[in-house]
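Asks: pasting the sequence and the predicted model now:
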Amino acid sequence: GQQLNQSPQSMFIQEGEDVSMNCTSSSIFNTWLWYKQDPGEGPVLLIALYKAGELTSNGRLTAQFGITRKDSFLNISASIPSDVGIYFCARHHNAGNMLTFGGGTRLMVKP
Amino acid sequence: DTAVSQTPKYLVTQMGNDKSIKCEQNLGHDTMYWYKQDSKKFLKIMFSYNNKELIINETVPNRFSPKSPDKAHLNLHINSLELGDSAVYFCASSPGLGSYEQYFGPGTRLTVT
């Protein structure tokens, strides 16, 4: 089953609004990754977090690695229509170098 | 210019058939993967290959047989297709083991009728 719990599952917001979504786990992680999937495309890495407490920005996106190492949040400021898509958190596994993804947060932006 | 490419983009076939999906990356990466995304958008790893060798098989039925003729290619062959195989299949690559960033292809939407 899913090891990563993302919330909310979906959001419908007005253009210009700020957005916040988070991801939690019962296990401690060493790395948090945030991906975005545009409709009809593959996921693209947005932000990677490597240390507990780390706060990293990428343009209008900001993500933080929770101090307990069991959670992370992603904020999007001043949303625009092209922010539409599904946002996934993911953890990295050393074995096989594979990723485990959360269930995703589907973001819809109304112009 | 395409970093990770997959063919075909769409595949519609009947139960019981055998089909293949091809994946190529021109990034010079050592590690390649196959992921499956179901109708609820859950993304799950299937296979991980490094330098043409299988590293991880995440309890995928043996009807699925990946093949890596060289480091730039990882193809997925599926025998005796079932309805539950309908999904979007993503190929991905990364520079090597230990690299967190994976680059995904555009996906192949497989529909089994």
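Replies: Yep, it's here. None of the values given here were measured: they were computed from a predicted structure. Residues are numbered from 1 along each chain as shown, chains lettered A, B, ... in the order given.
Asks: list the beta-bridge partners for A:Asp71.
Replies: On the basis of DSSP bridges, A:Asp71 is bridged to A:Thr24.
Asks: low pLDDT regions in the chain?
Replies: Picking chain A for this. Applying pLDDT under 70 to chain A flags the ranges A:1-2.
Asks: right idea, wrong chain: chain B
Replies: B:1.
Asks: residue numbers of it in contact with chain A?
Replies: Counting by CB under 8 Å from any CB of the partner chain, chain B comes close to chain A at B:4, B:31, B:33, B:40-45, B:48, B:50, B:55-56, B:58, B:90, B:92, B:94, B:96-102, B:104-107. Just so you know, the C-beta spots here come from the backbone N, C-alpha and C atoms, and that holds for glycine as well.
Asks: center of chain B, which residue is that?
Replies: B:Trp34 (3.2 Å; CA atoms, centre = their mean).
Asks: who touches the helix or strand hosting that residue?
Replies: Secondary structure assignment for B:Trp34, by DSSP states H and E: strand B:31-37. When contacts are defined by CB atoms under 8 Å, 6 or more residues apart in numbering or on different chains, strand B:31-37 is touched by residues A:97-98, B:23, B:25, B:43-51, B:55, B:66, B:68, B:71, B:74, B:76, B:87-97, B:99, B:102, B:104, B:107.
Asks: also stretch A:93-102?
Replies: Judged by CB under 8 Å, 6+ apart, the contacts made with stretch A:93-102 from elsewhere in the structure are A:2-6, A:23, A:33, A:35, A:43, A:88-92, B:31, B:33, B:42-45, B:48, B:50, B:55-56, B:58, B:94, B:96-99, B:102.
Asks: all good on my end, thank you.
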